[in-house]
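*Asks:* Please work out how this folds:
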Amino acid sequence: VKKNKQPVRLYAKGLILGHKRSKSNTYHSITLLKIDGVRTREDAAWYAGKRVAYVYKAKKEVKNSKFRVMWGKIRRAHGNSGVVR
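*Replies:* Down below sits the predicted model:
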């Protein structure tokens, strides 16, 4: 007997908050991300080491696609509210 299984989503959506910064300095190599459903530092620890992709659409077509991607890696939590960098 086969059951109709729903496809499993292998990604989580998130929001780019900006760069890590202090009052006068900005650290452009470190981006802060808010991942949907992550509310605590312990939840964020699960994502450490996972890969992230920033997918965007450009006007010019390259390799038969208008979509581009920038890859990164989650290093650690940032604060106590589930934000990662």
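*Asks:* give me the low-pLDDT residue ranges for the protein?
*Replies:* For the chain, residues meeting the criterion pLDDT under 70 lie at 1-2.
*Asks:* Do a quick rundown of the helices in it.
*Replies:* 41-46 (DSSP state H).
*Asks:* Neighbouring strands of the longest strand along it in the sheet, and parallel or not?
*Replies:* The single longest strand within the chain, with elements called by DSSP state E, is strand 51-62. The strands beside strand 51-62 in its sheet (DSSP bridges) come out as strand 65-73 (antiparallel).
*Asks:* Quick check, Ala45 in contact with Asn80.
*Replies:* No - judged on Cβ atoms under 8 Å, Ala45 makes no contact with Asn80 at a distance of 11.7 Å. All C-beta spots, glycine's among them, are computed from the backbone N, C-alpha and C.
*Asks:* what comes up buried for the longest strand of the chain?
*Replies:* Val52 (16 or more other Cβ atoms under 10 Å).
*Asks:* And Ala45 and Asn80? Which one has more around it.
*Replies:* Per other Cβ atoms under 10 Å, whichever of Ala45 and Asn80 has more neighbours is Ala45, with 15 against 11.
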